[in-house]
Structures are given as structure tokens and as C-alpha cells.
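1. with the sequence up front, the predicted model follows.
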Amino acid sequence: MTKFPDLFIKNIGQLVTAAGASKIPKTFKGMSNLGIISDGAVAIKDGNFIDVGTTKKLKNKHNGEHVKIIDAEGKVVMPGFVDSHTHAVFGGDRAGEFVQRIQGATYLEILKKGGGILSTVKNTRKLTLQELTEASRKHLNTMLLHGTTTVEIKSGYGLDTKNELKILKAIQHLQKTHCMDIVPTFLGAHTIPPEYKSKPDTYVGLVCNMLSKVKPYATFCDVFCDDGGFDIEQSARILSFAKKLGFRLKIHVNEFKDIGGVPLAVKFGVTSADHLDNIEHRDILKLKRSRIICVLLPGVPFFLMKDAYAPARKMIEKGLSVALATDFNPGTCPTVNMQTIATLACLKMDMTPAQAINAATINAAHAVGMSHRIGSIEVGKQADLIMLDIYDYNQLPYYFGINHVNTVIKQGRLVVKGRQMLDLN
């Protein structure tokens, strides 16, 4: 008996599959291969792709009486974006600091005066669990409208056991009630809170003690190993403790300064090393010999008005696995739009549009440990895709500052249609 799909999408001008890298991320020339099917079509049943090919081959095969059919009318269809590094659960904003930076203040100067992360910590601690959850839900809705179907969210704006747990519980509630896939990360080691300014190692001990309490709520443990964050010894202590407890590991490294974080990342076998704006050739070679995903965040130096961007082209040429993410947060990159990040990757890091798309989909899926399920359009994978109001994938970063996403399918369900979220209740 023919297994008719629930949904059939036909007449796709360019079906960008990003296929062939579910087990090992794309590197070298693979970063330029989008697996495009011209005049493509996909069949979806029970939330998964059951057939992928050309419209000509598939249209008669899946033309059942009760099949919902969407005509893509020659538009681009691609996997939903995977935003593999965000801080999307927080209170308040830091628009005032934006003005200060325009007037000449640096991020680290603002941080030392009690602003920056510490300002957001103060605002986040004030909110109840329900208030925090609902504020963050709005951010996720905007992400979805812009084509992100999977997101990693870090804690780190609590900086004590009570409030770190509150953030992680908000993430857990969103996991259960929002249609997006959400990957939770514990980032108690975001910065030293004011009450521990004179005794940072005591706070490191507190973070280690938090780990067992937050374990039920977080998949990854992350550490901000950089100037203004945690030094090598402190970072190693936290990562070691987290690894023993069974956390998967991530690390913020080389955003502001090279303090030796890349060798530490290699030593602990982290899943991803994120930022890497200030990386030396020797550390690129170290990462080449590892299986670490390099998550690059060009929105941060752009928003901070800095000239230091991760050398993406060089990293790709050396065979590193490169992914892209927004780093959405209220201080250093308040955008949820992965389309804008793709533009910045092309203009500021010398990536091609094809490389940027692979980095924002399948390689980003590897960065959150979900490449077996998401990140590409292939038979057997979860049916997450976006339809764009463009007719060539190169137009995605070219027409910048525009939301190209018209339609979003999440786990086989139509969740955005005509640029509007649907009522999913």
C-alpha cells in the first residue's frame, strides 16, 4: 500500500538540502555544496521527510486525496536555521549602553562599572519565573518568524543557584510549550557577580556546586574563558567537574583576548568553541586536529563596533568545521535574525552565501548535538524547513535587513504562513 504523505511541497525553484553531512560536519569544499535540487519537491509524514527529489519524479507518487499540497511557485526552500548560541532568557535591555558605546565607551569599561552582563543579572533576578518565561517567549516567536526552528539557550544571567535554576526552569517550560526545539545550556560561569568580586575562586566553587543541582535541566555546560571572565585554571576546574557529571561541554573563547582558551577546549574535547574573533594561526592548527565545531558570531564585533572578526575563510581553508549563530543577548548582539548573521558572515568574514547557509544549518546542528535529526532536508530527518520569498539562495544575504521567510514548517506542521504565526493550540 502506498504511504501517502500528510504534506507535499512542489515546484520548489531551488531546494537547498544541505544533505550528506549528518554524521560528520561539512568542511573544505563541502562547505560550498548545498545539495541543490532544481524544481524540487518534498513529502512529509508524521513530522519527518519521507521523500525528497524533483517535482517531476514525486508529484504523481504523492498525489493522494487527503494530502495537503503547497505550491512553492519557484521559491527557495531550505532547512530551518539552527541558532546554536544564544542567551535568549533575560530581563530588561541595555539600550542605554548602546548609546554609551556610540559615544566612545568600551564593553569592558561598561562591565567594570557594573553595567554589561551585571546589569542584565540585576534585571533578570527581579523577574518571577512566569515573567521571565513570557518575556523570552516573545523572543522565540520573533526567531521563528525569521526562520529559526532550533535554538540553543544559555543561562548565565542569574549567577547564583536560585536564579540560575529559575532561568533553566524557564527554558524547560519553553521546551514544553513552544514549537521550536530548544537546547538548554548552563552558563553559571558567565562572569563574576558583584558579591564575589574580591573572591572569584569562591564563586568558581559555587558554580561547581551548582552543577549537580542544574544537571536535570541542562544538556551542556559552558564557560566564558576570556578577559573579563574566567581564567584558564578556573575554567578548567569547572569544565572538569561538569564532564565528570556527564555534561556535554562548550566554551566562550577568544572573543576579547587570547588567554589560552583554545588549547583548553581541545584538552577537554568540547563540542563547540564559540567566538574565536582573536585566534592565532597556531590555534587554528590545534582546532584542525580536533573534532570541535567553531561557532562564529559576527553580529558581536559588528554591534560592538570592533574590527576583529573570526577569520572564517582561513578556518574553512584549513579544514575546520565552521558554524554560525546570533549570540542573541541584550548587550553585545540584540538580534534574533540568522539572515542578518549570514550577511555579516559574507561581508565581514569572507564567507560565500553557500558556506554561510551550511554553517547556519547542518554544521550548527552538529554544534548542538542534533545533526542526526535536524539541519538538512533528507529522508528520515525531522521535517523542519523554511520557504523564502527569493528565487536564488545568493539573494538571502544579498538583500540584507529584510525578512525573506514566508513559510515555516516545524516537525511537519505549518507554523508560519504568509509571514504570520499560526495559532498552534
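-> Sure thing, it's come through.
2. and the helices in the stretch 201-350 of the chain?
-> For the stretch 201-350 of the chain, the helices defined by DSSP state H, counting those that start in this stretch occupy 232-244, 261-268, 281-288, 299-303, 312-317, 338-349.
3. if you could redo that for the stretch 51-200 of the chain, that was the one I meant.
-> For the stretch 51-200 of the chain, applying DSSP H, counting those that start in this stretch gives helices covering 55-58, 95-102, 107-112, 117-126, 129-145, 161-177, 200-214.
4. buried sites along the fourth one?
-> What that stands for is helix 117-126. For helix 117-126, the neighbour count (16 or more other Cβ atoms under 10 Å) marks 117-125 as buried. The C-beta positions use only the backbone N, C-alpha and C, and glycine is treated the same way.
5. for Val214, which of the helices of the stretch 201-350 of the chain is the nearest?
-> The minimum distance between Val214 and the helices of the stretch 201-350 of the chain falls on helix 232-244, with 9.9 Å, by Cβ to Cβ.
6. quick check: the residue nearest to Ala135 when sequence neighbours are not counted vs Thr133, distance?
-> Closest residue to Ala135 apart from its sequence neighbours, by Cβ to Cβ, 6 or more residues apart in numbering: Gly91 at 6.6 Å. As judged by Cβ to Cβ, to the nearest Å, Gly91 and Thr133 stand 11 Å apart.
7. pull out the buried positions in the helix or strand of the chain with the lowest mean pLDDT.
-> Lowest on mean pLDDT, DSSP states H and E among the helices and strands of the chain sits helix 107-112, with a mean of 80. Buried residues in helix 107-112, counted by 16+ other Cβ under 10 Å: 107, 110-111.
8. so Tyr393 touches Ala356, yeah?
-> No. Between Tyr393 and Ala356 there is no contact under Cβ atoms under 8 Å: 9.8 Å.
9. more neighbours, those two?
-> In this view Tyr393 and Ala356 are compared by other Cβ atoms under 10 Å, and Ala356 has more residues nearby, 28 against 21.
10. now the more buried one: phi and psi?
-> phi -60, psi -40 (degrees, to the nearest 10).
11. quick one: which of the buried residues of helix 117-126 is nearest Val223?
-> Closest to Val223, out of all of these and judged by Cβ to Cβ, is Ile117, at 13.8 Å.
12. which residues touch that closest one?
-> Residues counted as contacts of Ile117 (Cβ atoms under 8 Å, 6 or more residues apart in numbering) are 111, 156-157, 190-191, 331.
13. and if you look at Ser212?
-> Going by Cβ under 8 Å, 6+ apart, Ser212 touches Leu245.
14. heads up, I number from 173, so please use that
-> Will do, 173 is the new start, and the previous item becomes Ser384.
15. can you tell me how far it sits from Tyr571?
-> For Ser384, the distance to Tyr571 (Cβ to Cβ) stands at 49 Å.
16. same check on Glu324?
-> Distance from Glu324 to Tyr571, counting by Cβ to Cβ: 27 Å.
17. with adjacent residues omitted, what lies nearest to Leu230?
-> Distances taken as Cβ to Cβ, 6+ apart place Ala213 nearest to Leu230, at 4.3 Å, with adjacent residues excluded.
18. hey, C-alpha coordinates of the helix or strand where the one you found lies in CSV?
-> Using DSSP states H and E, the secondary-structure element containing Ala213 is strand 208-217. Listed next in CSV are the C-alpha coordinates belonging to strand 208-217 (Å, rounded to 0.1, in the frame of the first residue of the first chain):
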residue,chain,number,x,y,z
ILE,A,208,20.5,21.9,-4.5
ILE,A,209,17.7,20.1,-6.4
SER,A,210,16.2,22.3,-9.1
ASP,A,211,12.4,22.2,-9.4
GLY,A,212,12.4,20.2,-6.2
ALA,A,213,9.7,18.6,-4.0
VAL,A,214,9.4,17.1,-0.5
ALA,A,215,6.9,14.7,1.0
ILE,A,216,6.3,14.8,4.8
LYS,A,217,4.6,12.4,7.0
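19. now do it: everything it contacts.
-> By Cβ under 8 Å, 6+ apart, the residues outside strand 208-217 that reach it are 175-189, 221-231, 233-234, 249, 549, 555, 557, 565, 581, 584.
20. mind redoing it with 6 Å?
-> Contacts to strand 208-217, defined as Cβ atoms under 6 Å, 6 or more residues apart in numbering, come from residues 177-182, 184, 186-188, 221-224, 226-227, 230, 234, 555, 584.
21. can you turn the buried part of those into a ChimeraX selection?
-> In ChimeraX, this line selects whichever of the contacts of strand 208-217 come out buried by 16+ other Cβ under 10 Å:
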select :177,178,179,180,181,182,184,186,187,188,221,222,223,224,227,230,234,555,584
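22. show me where pLDDT drops low in this structure?
-> Along the chain, segments meeting pLDDT under 70 span 173-174, 596-597.
23. rewinding a little: mean neighbour count and distance to Ile274 added to the helices of the stretch 373-522 of the chain, as TSV?
-> Formatted as TSV, those follow (neighbours: other Cβ atoms under 10 Å; distance: least, Cβ to Cβ, whole Å):
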stretch	mean neighbour count	distance to Ile274
helix 404-416	18	32
helix 433-440	21	29
helix 453-460	16	32
helix 471-475	22	11
helix 484-489	19	27
helix 510-521	23	19
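24. tabulate those helices (a markdown table), appending distance to Val379.
-> Output for those, formatted as a markdown table (distance: least, Cβ to Cβ, whole Å):
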| stretch | distance to Val379 |
| --- | --- |
| helix 404-416 | 6 |
| helix 433-440 | 15 |
| helix 453-460 | 25 |
| helix 471-475 | 23 |
| helix 484-489 | 30 |
| helix 510-521 | 29 |
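25. I'm done for today, thanks for sticking with me.
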